[in-house]
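Colleague: here's my sequence, what's the structure:
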Amino acid sequence: MRITPAQLQPGDALLVNGQLRIVEGYNPQRGWALRAPRFEEYEIENPAVRVGLGMLDGLAKFLS
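Modeller: Presented below is the predicted three-dimensional model:
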């Protein structure tokens, strides 16, 4: 699945190969700048959000 720069903003979270990554920005020559989340960003208290992330990961694997 391809994601265009217009679809994401710095600070958005992505699930990449089962790991959470935070968007830092986009460079046309280098592509996406992603980083691992800090501990406080990785804490997801709401179980519905956790399930939603798992479903998105499964959907991404299914579509790829």
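Colleague: can you pull the pLDDT of Glu41?
Modeller: Model confidence at Glu41, expressed as pLDDT, equals 54.
Colleague: same deal with Ala6?
Modeller: Per-residue confidence at Ala6 stands at 76 (pLDDT).
Colleague: neighbours of it, just the number please.
Modeller: Ala6 is surrounded by 7 other residues when neighbours are defined as other CB atoms under 10 Å. For glycine as for every other residue, the C-beta is placed from the backbone atoms N, C-alpha and C.
Colleague: Three-state assignment for it, please.
Modeller: The three-state assignment at Ala6 reads helix, by DSSP: H, G, I helix; E, B strand; the rest coil.
Colleague: please tell me how far it sits from Tyr26.
Modeller: Note on Ala6: its distance to Tyr26, by CB to CB, to the nearest Å, is 10 Å.
Colleague: let me see the ranges of the strands in the protein.
Modeller: With DSSP state E, the ranges of strands along the chain come out as 13-16, 19-27, 31-35.
Colleague: could you export those as JSON lines, including mean pLDDT and mean neighbour count?
Modeller: As requested, the strands of the chain are arranged in JSON lines below (pLDDT from 0 to 100; neighbours: other CB atoms under 10 Å):
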{"stretch": "strand 13-16", "mean pLDDT": "81", "mean neighbour count": "15"}
{"stretch": "strand 19-27", "mean pLDDT": "84", "mean neighbour count": "15"}
{"stretch": "strand 31-35", "mean pLDDT": "85", "mean neighbour count": "13"}
